[in-house]
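Enquirer: for reference, the sequence and a predicted model appear below.
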Amino acid sequence: MSETTNSEAAVSAAAIRLWLQKSAEVLAEKRAYLTELDSPIGDADHGNNMDRGFKAVVATLSDKEDVGAVLKAVAMTLISKVGGASGPLYGTFFLDAGKPFAGKAELEPADLVTMFEDGIAGVKKRGRAEPGMKTMLDAQIPAAEALKAAVAEGKSAAEALKAAADAAEEGMKATIPMQAQRGRASYLGERSIDHQDPGATSSYLIIRALADAVAETSQ
Amino acid sequence: MKKLINNAEDVTLEQLKGFGLAHPEIEVHFDPNYVAVAGGVQNRVAVVSGGGAGHEPLHGGYVGMGMLDAACPGQTFTSPTPDQMYEAGKAVNGGKGILQIIKNYTGDVLNFRMAADLLRDEGIEVRNVVIDDDVALKDSLYTAGRRGLGTTVIAEKVCGAASQEGYDLDQLAALCKKVNIHGKSMGMALTPCTTPQNGTPSFELADNEMEIGIGIHGEPGTERMPVKSADEITEILATRILEDGAYTRELTEWDSEKGDWVDVEVKDITFQSGDEVIAIVNSMGATPISELYTVYAKLAEVAEKHGVKIVRKLIGHYITSLEMAGVSITLVKADEEILRLYDAPVNTPALRWGV
């Protein structure tokens, strides 16, 4: 009985693949919406770029039972297909998030915390950004913090990821009143206020897709 | 949208095909896309640049003897991806390293930096120099910093010549940084432009309005105002450039001793009476050369009033924004080294002299 509980608590490589598929679906569905968010403060290509990148990710997904290898392949595909600032930033997230899990077939809840924290550290360094600058980090960091707190309380991976996705959604909404300090939006100064950040939005969608995928596979 | 295109998704590909057919001395590679001098580079530093398409002749038009060895075109107004710079770098590496000249746009900076990391993993030495010469933007504390404009053209010309002269990688990077801090630019738009992918103008402008302080991606400028005469517009741009104070910012560069990226504080020059400069009066795409001469006449007058002497000039289409109407002005303070290298022979599709 306890053995079953353990395996239910873990996130399998199959769940990771389902996450990426779900991400691709939601990014295709929200393509026009993301581009619309990007048009007043960026260069109106975020939806197109993310959709193009994740379509390519799905096309290159193998049945590898190696979480590290899956995440590395995702990173390399995003880097070579997305372009703009999002390609290297998301690429770095997945590259650094996957590094500790080379050869691992499943992740424990504590591994999920490491995955988020390492990915975020990479994005911060690559983008020279901190929270509050109206970037993808404003969704990712609250998600990682909520995830860490839920795991510390002993919650299951699915429960902890739901808390993370809820926190990412809050973080995404909190970018609306912020003045952009990174990327092309920063050139607008105060005119960047009152717009939801497209990168925080795509990050929220991807984190929600992870929560949904893990909820589905652990049922 | 009225454009000479077939399919909006394929414009860059189709344009590259035509470019390759028109210039057989330059090799065009696909998947990943890059253009490079035929035969690669032997025993000198390779000079590589790139950015989104839509700024022609930058950068593909500057590939050739005495200027760039390779250029990486992204989608229209979207930075290229690291696999492009990686393959281009490997193709033109002549064993003495690679200088990457990058305009300060977040996507360009990040993608080139990743490519530099990948090339370094292969044992190829790379230096990245960022051009950030747009005086329309005041500070970099709360923004991604000043954008890269026309000084990029001069940096590519001068560094290409220096590579031919045998500068090593560190000398070439130092020279490129010098050109950057000696160069200042500012642009304006009379009309927006339309990217093929979006199909609608990048902003709306009434017939009697103009945007001052634009970049090169169809974005609005820092200020919108009623259209003024050519002389008044030129005076606004030239005065801002000539009277721009020293601009201090942090730029990230590779520290080969530490083996890591470090932030280095960089400070511009200010123009002084007695300075000699190279000037560019650049069309944003749709403005005719005749109008650029009107601008040049006033620019020469304003410069003289500041005691600044224009010793070389380029008047035409050098760094554009698709079919946007408007002009940008660039002034680069020239010293003996910069002038010697600027005057050196060059043979590229868009810039040719001395051959």
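Expert: Yep, that arrived. Residues are numbered from 1 along each chain as shown, chains lettered A, B, ... in the order given.
Enquirer: contact partners for the residue of the stretch 251-355 of chain B found nearest chain A?
Expert: Nearest residue of the stretch 251-355 of chain B to chain A: B:T252, at 7.1 Å (CB to the nearest CB). Quick note: C-beta positions are derived from backbone N, CA and C, even for glycine. By CB atoms under 8 Å, 6 or more residues apart in numbering or on different chains, the contact set of B:T252 is A:128, B:109, B:113, B:130, B:261-264.
Enquirer: just list whatever residues bridge to it.
Expert: B:D263 (DSSP bridges).
Enquirer: how close does it get to A:V74?
Expert: Using CB to CB, to the nearest Å, we find B:T252 at a distance of 26 Å from A:V74.
Enquirer: ok, A:K81 next?
Expert: 11 Å.
Enquirer: same drill for those two, tell me which one is more crowded.
Expert: The neighbour count for A:K81 versus A:V74, taken as other CB atoms under 10 Å in any protein chain shown, is higher for A:V74 (29 against 21).
Enquirer: show me the contacts for the more buried one.
Expert: A:V74 neighbours (CB under 8 Å, 6+ apart): A:20, A:57, A:94, A:98.
Enquirer: and the next helix or strand past the helix or strand it falls within?
Expert: Per DSSP states H and E: A:V74 is located in helix A:67-81. With elements assigned by DSSP H and E, the helix or strand that comes after helix A:67-81 is helix A:86-98.
Enquirer: what lies in contact with that following helix?
Expert: Counting by CB under 8 Å, 6+ apart, A:46, A:49-50, A:53, A:67-72, A:74-76, A:78-82, A:115-116, A:118-123, A:125-127, A:136, A:140, A:199, A:202, B:81-82, B:107, B:110-111, B:113-114 sit against helix A:86-98.
Enquirer: does B:R352 touch B:M67 like I think?
Expert: No - counting by CB atoms under 8 Å, B:R352 stays clear of B:M67, with 9.7 Å between them.
Enquirer: common neighbours of those two, please.
Expert: B:V346.
Enquirer: so between those two, which is more surrounded?
Expert: B:M67 (29 against 14).
Enquirer: against B:V346, how distant is that one?
Expert: 5 Å.
Enquirer: ok, B:N33 next?
Expert: As for B:N33, its distance to B:V346 is 24 Å (criterion: CB to CB).
Enquirer: who's in contact with residue 44?
Expert: In the absence of a named chain, this looks at chain A. Contacts for A:A44 (CB under 8 Å, 6+ apart) come out as A:35, A:38, B:198.
Enquirer: please refer instead to chain B.
Expert: B:R44 touches B:94, B:96, B:163-164, B:166, counting by CB under 8 Å, 6+ apart.
Enquirer: at 10 Å what do you get?
Expert: B:69, B:94-97, B:162-169, B:172 (CB atoms under 10 Å, 6 or more residues apart in numbering or on different chains).
Enquirer: doesn't it belong to a strand?
Expert: No - with DSSP: H, G, I helix; E, B strand; the rest coil as the criterion, B:R44 is located in coil rather than a strand.
Enquirer: what about it? Give its phi and psi, please.
Expert: phi -150, psi 170 (degrees, to the nearest 10).
Enquirer: do you know the pLDDT at it?
Expert: On pLDDT, B:R44 comes in at 98.
Enquirer: over to B:G150?
Expert: For B:G150, pLDDT reads 98.
Enquirer: that one: how many residues sit nearby?
Expert: 30.
Enquirer: grab the nearest non-local neighbour of it.
Expert: B:T330 (3.1 Å; CB to CB, 6 or more residues apart in numbering or on different chains).
Enquirer: and that neighbour, what's its pLDDT?
Expert: Reported pLDDT for B:T330: 98.
Enquirer: can I get the CA coordinates of stretch B:153-168 in CSV?
Expert: The C-alpha trace of stretch B:153-168 is given here as CSV (Å, rounded to 0.1, in the frame of the first residue of the first chain):
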residue,chain,number,x,y,z
VAL,B,153,27.5,50.1,-39.7
ILE,B,154,30.7,52.0,-38.9
ALA,B,155,31.7,49.4,-36.3
GLU,B,156,31.3,46.6,-38.9
LYS,B,157,33.3,48.5,-41.6
VAL,B,158,36.2,49.5,-39.2
CYS,B,159,36.4,46.1,-37.5
GLY,B,160,36.3,44.3,-40.9
ALA,B,161,39.3,46.4,-42.1
ALA,B,162,41.1,45.8,-38.8
SER,B,163,40.7,42.1,-39.1
GLN,B,164,42.3,42.3,-42.6
GLU,B,165,45.2,44.3,-41.1
GLY,B,166,45.8,41.5,-38.6
TYR,B,167,44.4,42.8,-35.4
ASP,B,168,44.0,39.9,-32.8
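Enquirer: tell me the buried residues in that stretch?
Expert: B:153-164, B:167 (16 or more other CB atoms under 10 Å in any protein chain shown).
Enquirer: A:Q181: which of the residues you listed is nearest?
Expert: The shortest approach to A:Q181 among the buried residues of stretch B:153-168 belongs to B:A155, at 26.9 Å (CB to CB).
Enquirer: circling back to that earlier point, for the residue nearest to B:G150, helix, strand, or coil?
Expert: Going by three-state DSSP: B:T330 is strand.
Enquirer: which ones are touching it?
Expert: Counted by CB under 10 Å, 6+ apart, B:T330 has contacts B:133-134, B:149-154, B:183-187, B:237, B:241, B:277-282, B:314, B:318-319.
Enquirer: in helices, which of the residues you listed fall?
Expert: Counting by DSSP state H, these place B:151-154, B:237, B:241 in helices.
Enquirer: ok so, going back, give me the common contacts of A:K81 and A:V74.
Expert: With CB under 10 Å, 6+ apart as the test, A:K81 and A:V74 both reach A:53-54, A:56-57, A:60, A:91.
Enquirer: save these as JSON lines, and put in neighbour count, pLDDT and secondary structure too.
Expert: Output for these, formatted as JSON lines (neighbours: other CB atoms under 10 Å in any protein chain shown; pLDDT from 0 to 100; DSSP: H, G, I helix; E, B strand; the rest coil):
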{"residue": "A:G53", "neighbour count": "27", "pLDDT": "95", "secondary structure": "helix"}
{"residue": "A:F54", "neighbour count": "29", "pLDDT": "97", "secondary structure": "helix"}
{"residue": "A:A56", "neighbour count": "16", "pLDDT": "96", "secondary structure": "helix"}
{"residue": "A:V57", "neighbour count": "25", "pLDDT": "97", "secondary structure": "helix"}
{"residue": "A:T60", "neighbour count": "13", "pLDDT": "91", "secondary structure": "helix"}
{"residue": "A:G91", "neighbour count": "28", "pLDDT": "95", "secondary structure": "helix"}
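Enquirer: among the residues you listed, give me the pair with the biggest separation.
Expert: Of all pairs in these, the most separated under CB to CB is A:T60 and A:G91 at 13.5 Å.
Enquirer: anything in contact with each of the two?
Expert: In contact with both A:T60 and A:G91: A:74, A:76-77, A:81, using CB under 10 Å, 6+ apart.
Enquirer: a markdown table for those residues, including pLDDT?
Expert: A markdown table is the format used below for the shared contacts of A:T60 and A:G91 (pLDDT from 0 to 100):
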| residue | pLDDT |
| --- | --- |
| A:V74 | 97 |
| A:M76 | 92 |
| A:T77 | 95 |
| A:K81 | 90 |
